[in-house]
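Visitor: Next come a sequence and a model predicted from it.
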Amino acid sequence: MRVQVLNQVTNNTLPNSWSLWLQYCRYIYDNGTLEMGYRFINRRQDGSLQPARGQARLPSLAQAEALMAMARAEGWGNNAA
């Protein structure tokens, strides 16, 4: 499976720190089918992604809600999967 990130937001502006991101993605499966969907994912201090078998630690629901509000404000947070 491949994942193409179409849009993403974070509210962490600190350099060299872990950050939580909300992404809207296209999931392309090996059999040629695709699905659209959202995911939370962490970035390490070096900017690389920290995929964890579909899990990302959410520090608080307030932070998750803030990222969802940012995505809606940018116009892609209400996309249907």
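Guide: Thanks, I have it.
Visitor: Return the list of strands paired to the one helix or strand in the chain whose mean pLDDT sits lowest, each annotated with direction.
Guide: Using mean pLDDT, DSSP states H and E, the weakest-scoring helix or strand in the chain turns out to be strand 49-50, at a mean of 90. Taking DSSP bridges as the criterion, strand 49-50 sits next to strand 34-43 (antiparallel) in its sheet.
Visitor: roughly how far is the partner strand from the heart of the chain?
Guide: From the chain centre to the centre of strand 34-43 is a distance of 5 Å (CA atoms, centre = their mean, to the nearest Å).
Visitor: other SSEs contacting the helix or strand following the least confident helix or strand of the chain?
Guide: Next helix or strand after strand 49-50 toward the C-terminus (DSSP states H and E): helix 61-73. Contacts defined by 3 or more CB pairs under 8 Å, 6 or more residues apart in numbering; DSSP states H and E place helix 61-73 against strand 2-10, strand 19-28, strand 34-43. No exception for glycine: its C-beta is placed from N, CA and C like everyone else's.
Visitor: Of these, give the one that comes closest to residue 64.
Guide: Among these, the nearest to residue 64 by CB to CB is strand 34-43 (6.8 Å).
Visitor: Send me the closest one as PDB with only the CA atoms.
Guide: Taking Å, rounded to 0.1, in the frame of the first residue of the first chain, the C-alpha atoms of strand 34-43 are listed here in PDB:
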ATOM      1  CA  LEU A  34      -8.000   3.300  -3.600                       C
ATOM      2  CA  GLU A  35      -9.600   4.900  -0.600                       C
ATOM      3  CA  MET A  36      -9.600   8.400   0.700                       C
ATOM      4  CA  GLY A  37      -9.400   9.200   4.400                       C
ATOM      5  CA  TYR A  38      -7.800  11.100   7.300                       C
ATOM      6  CA  ARG A  39      -5.100  10.100   9.700                       C
ATOM      7  CA  PHE A  40      -3.200  11.600  12.600                       C
ATOM      8  CA  ILE A  41       0.600  11.000  12.400                       C
ATOM      9  CA  ASN A  42       3.600  12.200  14.400                       C
ATOM     10  CA  ARG A  43       6.700  13.700  12.900                       C
END
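Visitor: just wondering, since we're on the residue lying farthest from the centre of the chain, how far is it from residue 1?
Guide: Using CA atoms, centre = their mean, the residue of the chain lying farthest from its centre is residue 31. It sits 23.8 Å away. According to CB to CB, to the nearest Å, residue 31 and residue 1 sit 10 Å apart.
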